[in-house]
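> coordinates only, sequence not included:
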Ligand SMILES: N[C@@H](CCC(=O)N[C@@H](CS)C(=O)NCC(=O)O)C(=O)O
């Protein structure tokens, strides 16, 4: 029996783990969630990230995979039905873009809030060690892990670009996203229709932490955007959701345009400046987001993300590219892709 369950290593405080577990539930794929991987004889992935998924290779041996976006596409191939990828190529491109925004931009807010303010540092520092080491650990072990883990994460804030220069840009963007998403939810239960897409789950993963765990950003959500807070709780387990429909390209509503404007205002200039800095081997990424300076060290993985977006765009026919460009017109997202 257990052989048919997909093993997944992860943690409750990992937004990408939450993204993927919610997809497994919605897609009704049987899985086995492993929170204490030390007790298991499973091969380790080359890159030390969570979640880790295990898939059988040709010989029946389990092989580790990391990186949620391609894992979602592999699951689509292996398990038919209840797809989270829109079949309309134009809407599918929008889904890819919004998924990447969730994964690569909202995560900046998640990591920033968690390790920037004392209340949030205290909460994460005192709870996350139990997730990792087990709830039976003695207080001294937890205190020690709290110290080591908090120091490590705070020292890594620079990786996602959270610093004193960018803090206000990140915080404004969190509120703007919540506001735009809140508005969108008044018209539709999910980003791309009456059916959840991988973009919903990407945003959901980050929002599980932002709206429901870390005190500073969750206070904002609870006070100002209770609808989004409720959406997060409901999206956690969509195993009983009756599938619904994704929009067709001509049904994409104005509320998505508003969200794309927010993507174009923040994520787009930073992704472009980052790719340029990686390409030219510069020491710093420097750009302007809505009149404010953005400065961080280059993030090579996010330069790859931009390439992957462009590859997705290149798969479209000329007519589909025109339709995408019409939807993106005036949002600032046009600059990501060129026809
Ligand atoms: N692009 C990856 C990102 C995964 C990721 O960044 N995971 C974080 C936790 S949410 C991680 O494992 N960080 C390293 C660590 O905690 O040691 C994905 O989509 O799965």
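Sure, I can see it. Every value quoted in this text rests on a predicted model; they were computed, and no experiment measured them.

> can you tell me the residue of the stretch 201-339 of the chain closest to the ligand?
residue 301 (7.0 Å; CB to the nearest ligand atom). Just so you know, the C-beta spots here come from the backbone N, C-alpha and C atoms, and that holds for glycine as well.

> Likewise for the stretch 101-250 of the chain?
For the stretch 101-250 of the chain, CB to the nearest ligand atom, closest residue to the ligand: residue 103, 5.3 Å.

> Pull the number of nearby residues for the nearest residue to that residue once chain neighbours are set aside.
Nearest non-adjacent residue to residue 103, counting by CB to CB, 6 or more residues apart in numbering: residue 202, 4.9 Å away. Residue 202: 29 surrounding residues under other CB atoms under 10 Å.

> Could you pull up the contacting residues of residue 202?
19, 68, 98, 99, 100, 101, 102, 103, 106 (CB atoms under 8 Å, 6 or more residues apart in numbering).

> Below-threshold pLDDT in this structure: ranges please.
Applying pLDDT under 70 to the chain flags the ranges 1-3, 339.

> Outline the domain layout of it.
Domain assignment for the chain by automatic domain parsing gives 2-78, 89-336.

> The first one close to the ligand?
Yes: using CB under 6 Å from any ligand atom as the criterion, contacts between domain 2-78 and the ligand involve 14, 15, 16, 48, 49, 50, 66, 67, 68, 69.

> Would you quantify the distance from the third one to residue 215?
Spelled out, it's residue 16. Residue 16 sits 22 Å away from residue 215, going by CB to CB, to the nearest Å.

> Who has more neighbours out of these two?
Higher neighbour count among residue 16 and residue 215: residue 16, with 23 against 17, using other CB under 10 Å.

> Now stretch 78-95: buried residues?
Across stretch 78-95, burial judged by 16 or more other CB atoms under 10 Å covers 82-86, 88-95.

> Residue 55 should be in a strand, yeah?
Yes: counting by DSSP: H, G, I helix; E, B strand; the rest coil, residue 55 falls inside a strand.

> Pick out the residue nearest the middle of this protein.
The chain has residue 103 as the residue nearest its centroid, 2.6 Å off, counting by CA atoms, centre = their mean.

> who's in contact with the nearest residue to residue 239 once chain neighbours are set aside?
Using CB to CB, 6+ apart and skipping the chain neighbours, the partner closest in space to residue 239 is residue 25 (4.7 Å). Contact partners of residue 25, counting by CB under 8 Å, 6+ apart, are 236, 237, 238, 239.

> What is the neighbour count of the first one?
Translated: residue 236. 16.

> who's in contact with it?
Residue 236 makes contact with 18, 22, 25, 204, 208, according to CB under 8 Å, 6+ apart.

> Next, format the residues you listed as JSON lines and append secondary structure.
What follows is those, written out as JSON lines (three-state DSSP):
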{"residue": "18", "secondary structure": "helix"}
{"residue": "22", "secondary structure": "helix"}
{"residue": "25", "secondary structure": "helix"}
{"residue": "204", "secondary structure": "helix"}
{"residue": "208", "secondary structure": "helix"}
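
> which pair in those residues spans the largest distance?
Within the contacts of residue 236, two members stand farthest from each other by CB to CB: 25 and 208, at 13.0 Å.

> that older thread, buried subset of the residues of domain 2-78 next to the ligand, written for ChimeraX?
For the buried members of the residues of domain 2-78 next to the ligand, the matching ChimeraX selection, counting by 16+ other CB under 10 Å, is:
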select :14,15,16,50,66,67,68,69
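
> Show me the residues of domain 2-78 next to the ligand that map onto helices.
Counted as lying in helices by DSSP state H, out of the residues of domain 2-78 next to the ligand, are 15, 16, 68, 69.

> Tabulate those residues in JSON lines, adding columns for distance to residue 78.
Formatted as JSON lines, those follow (distance: CB to CB, whole Å):
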{"residue": "15", "distance to residue 78": "24"}
{"residue": "16", "distance to residue 78": "19"}
{"residue": "68", "distance to residue 78": "15"}
{"residue": "69", "distance to residue 78": "16"}
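
> returning to what we had before: looking at the domains of the chain, which is buried most?
Ranked by mean neighbour count, the domains of the chain are led by domain 89-336 with a mean of 18 (mean count of other CB atoms under 10 Å).

> Centre of the chain to that domain, how far?
5 Å (CA atoms, centre = their mean, to the nearest Å).

> Helices of the stretch 101-250 of the chain, start to end?
For the stretch 101-250 of the chain, helices defined by DSSP state H, counting those that start in this stretch occupy the ranges 107-116, 118-133, 139-155, 157-160, 167-185, 198-210, 215-224, 226-235.

> between those helices, which gets nearest to residue 258?
Nearest of the helices of the stretch 101-250 of the chain (CB to CB): helix 167-185, 5.0 Å.

> before we move on, back to that, let's have the buried residues of stretch 78-95 in CSV, adding distance to residue 171 and secondary structure.
Converted to CSV, the buried residues of stretch 78-95 look like this (distance: CB to CB, whole Å; DSSP: H, G, I helix; E, B strand; the rest coil):
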residue, distance to residue 171, secondary structure
82, 36, coil
83, 35, coil
84, 30, coil
85, 32, coil
86, 31, coil
88, 35, coil
89, 35, helix
90, 33, helix
91, 31, helix
92, 32, helix
93, 29, helix
94, 26, helix
95, 27, helix
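
> Which positions in this protein make contact with the ligand?
Going by CB under 6 Å from any ligand atom, the residues of the chain near the ligand are 14, 15, 16, 48, 49, 50, 66, 67, 68, 69, 103.

> Sweet, I'm off.
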